[in-house]
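Participant: sequence below, structure please.
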Amino acid sequence: MNPNLNPSPPGWMRNAEDLGGGGGCPLPPLSGPRVGLALSGGGARGLAHIGVLQVLEENDIPIAAIAGTSMGAYVGALYAAGFKSEDLQSLAQEIKDRRTLLRLLDPVFPPSSGLIRGNKIRRHLERSLGNRTFDDLNIPLLIVATDLDTLSPYVFDSGPLGAAVQASAAIPGICAPVHLNGRRFTDGGAAEPLPASLLQGRFALDSIIAVNVLPTTQDILHCRDAAFGAPPESNSFWKHPLRALLKPINLLAYGNVMDTFRRGLMAAQLGLAEKECRRADVVIHPFFCESTWFDFENFDRYITAGRRAAEEALPRIRALLDKVNSNQNPDHENSIDNPCLGLCAA
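Facilitator: You can find the predicted model right below:
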């Protein structure tokens with residue numbers, strides 16, 4: 001029982017290696033540096049992207065193009081559509097507690113392809129994104145999902161925006177795959193968790209800022225927390241008796257099947273994200289301990305962490321833009337660079 005979205009015109013999505021041939025969105029006219037922004041996936045940690053955007057807005061850092069994966073795709077899509085960072089914070093505040101989040105779930109029984117169908121999530125996306133397409137955006141946007149049949153990144157750059165975001169954010173094993181035009185898609189984080197090289201190869205940009213909300217190996221060692229799972233001591237009976245009693249039937253509980261699957265996926269994502277960070281000119285890395293991918297009700301914590309990390313990176317961003325301004329060729333054409341260069345397939 002998989003979600004099937006409304007059919008869309010053929011050719012509105014493509015594999016990463018098929019992005020040549022002059023397709024895609026030209027950069028809008030800009031008088032200053034052309035800065036690309038790559039936003040990683042990361043579940044609730046991706047709320048930190050909102051704090052980063054707040055700081056970039058407040059300091060007039062221009063964004064010429066955005067590429068996003070999973071939660072980064074959702075935040076990036078809203079921002080590219082014209083939502084300001086304060087609007088994004090208001091949307092985040094709608095998930096005020098765990099019960100609100102649970103109302104977005106529509107369980108599948110038996111759970112053959114995922115634990116939830118994703119229909120309610122799609123309607124939630126459509127409520128904010130409406131019927132917008134990529135052509136309606138103020139900023140060029142690339143959204144990355146994972147093609148389950150080719151096992152490679154798949155890039156959306158035209159067509160319905162909500163469908164692309166849902167495909168990019170369909171957490172494998174938890175959300176049933178999203179079916180579009182005869183293809184099956186799952187979370188873009190499985191193949192391209194931080195699409196910095198995608199921006200580098202797709203657009204003629206002067207610099208790239210990457211926001212990586214995924215933990216690094218050093219983060220995990222520091223926190224003694226294996227990424228998206230809660231530490232074992234937080235599951236003790238005396239601290240959380242109901243949680244302990246329900247643990248045997250909670251597939252997402254620490255050490256159970258979906259938690260183990262998520263940790264295995266995270267092991268692959270960490271290396272991919274760190275590789276992509278090396279393609280960026282500035283990396284903003286909000287730091288968290290003991291967080292979970294579904295911790296959306298603690299939005300203030302993540303937004304604040306994003307602000308703090310962006311403020312720390314501001315001197316590097318300003319120095320980079322000053323250098324670009326001093327070296328910028330006024331005759332530099334505002335065009336798409338060779339779209340085949342720099343695209344990264346896992």
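
Participant: run a quick neighbour tally on F109.
Facilitator: 7 (other Cβ atoms under 10 Å). For glycine as for every other residue, the C-beta is placed from the backbone atoms N, C-alpha and C.

Participant: hang on, I meant V324
Facilitator: 17.

Participant: what kind of secondary structure is it in?
Facilitator: Following DSSP: H, G, I helix; E, B strand; the rest coil, V324 is assigned to helix.

Participant: my read is that it contacts S207, right?
Facilitator: Yes. Counting by Cβ atoms under 8 Å, V324 does reach S207; the two are 6.0 Å apart.

Participant: which neighbours do those two share?
Facilitator: Listed as contacting both V324 and S207 by Cβ atoms under 8 Å, 6 or more residues apart in numbering are P33.

Participant: what is the helix or strand harbouring H179 packed up against?
Facilitator: Assigned by DSSP states H and E, H179 falls within strand 178-180. Identification of packing neighbours for strand 178-180 by 3 or more Cβ pairs under 8 Å, 6 or more residues apart in numbering; DSSP states H and E yields helix 161-168, strand 183-186.

Participant: residues in contact with the first one?
Facilitator: Contacts with helix 161-168, where a contact means Cβ under 8 Å, 6+ apart, come from 3, 5-6, 8, 13, 41, 68-70, 73-74, 77, 81, 118, 121-122, 125-126, 129-134, 136-137, 143-145, 154, 156, 178, 180, 185-188.

Participant: can you tell me which of these are buried?
Facilitator: The neighbour count (16 or more other Cβ atoms under 10 Å) marks 3, 5, 8, 13, 41, 68-70, 73-74, 77, 81, 118, 121-122, 125-126, 129, 132-134, 137, 143-145, 154, 156, 178, 180, 185-188 as buried among the contacts of helix 161-168.

Participant: bridging residues for the closest residue to P107 other than its chain neighbours?
Facilitator: Distances taken as Cβ to Cβ, 6 or more residues apart in numbering place I116 nearest to P107, at 5.8 Å, with adjacent residues excluded. Beta-bridge partners for I116, by DSSP bridges, are P107, C175.

Participant: tell me the pLDDT at I116?
Facilitator: We have a pLDDT of 84 for I116.

Participant: so it touches F109, yeah?
Facilitator: No. If you go by Cβ under 8 Å, I116 and F109 don't touch, sitting 10.5 Å apart.

Participant: what's the overlap in contacts for those two?
Facilitator: Counting by Cβ under 8 Å, 6+ apart, I116 and F109 have no contacts in common.

Participant: can you list which of the buried ones among the contacts of helix 161-168 are found in helices?
Facilitator: Using DSSP state H, the members of these that fall in helices are 73-74, 77, 121-122, 125-126, 129.

Participant: just send those back as CSV, with pLDDT too.
Facilitator: Compiled in CSV, these are given as follows (pLDDT from 0 to 100):
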residue, pLDDT
A73, 98
Y74, 97
A77, 98
I121, 86
R122, 85
L125, 87
E126, 87
L129, 94
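
Participant: can you lay out those as CSV showing distance to A163?
Facilitator: Formatted as CSV, those follow (distance: Cβ to Cβ, whole Å):
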residue, distance to A163
A73, 11
Y74, 12
A77, 11
I121, 12
R122, 8
L125, 9
E126, 9
L129, 10
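
Participant: low-scoring stretches of this protein, by residue?
Facilitator: Scanning the chain for pLDDT under 70 picks out 1-31, 224-261, 328-346.

Participant: mind listing the helices for it?
Facilitator: Taking DSSP H as the criterion, the chain carries its helices at 48-58, 71-80, 85-92, 98-102, 119-129, 161-168, 196-202, 217-223, 241-246, 257-277, 299-327.

Participant: which among those helices is found nearest to R34?
Facilitator: Of all these, helix 299-327 sits nearest to R34, with 8.5 Å by Cβ to Cβ.

Participant: and that closest one, what does it pack against?
Facilitator: Counting contacts by 3+ Cβ pairs under 8 Å, 6+ apart, helix 299-327 packs against helix 48-58, helix 85-92, strand 207-211, strand 282-284.

Participant: now V213: how far from N138?
Facilitator: To N138, V213 is 24 Å away according to Cβ to Cβ, to the nearest Å.

Participant: who's more crowded, those two?
Facilitator: Using other Cβ under 10 Å as the criterion, V213 and N138 rank with V213 on top: 31 against 12.

Participant: residue contacts, that one?
Facilitator: By Cβ under 8 Å, 6+ apart, the residues touching V213 are 40-42, 45-46, 48-49, 71-72, 285-286, 288, 302, 306.
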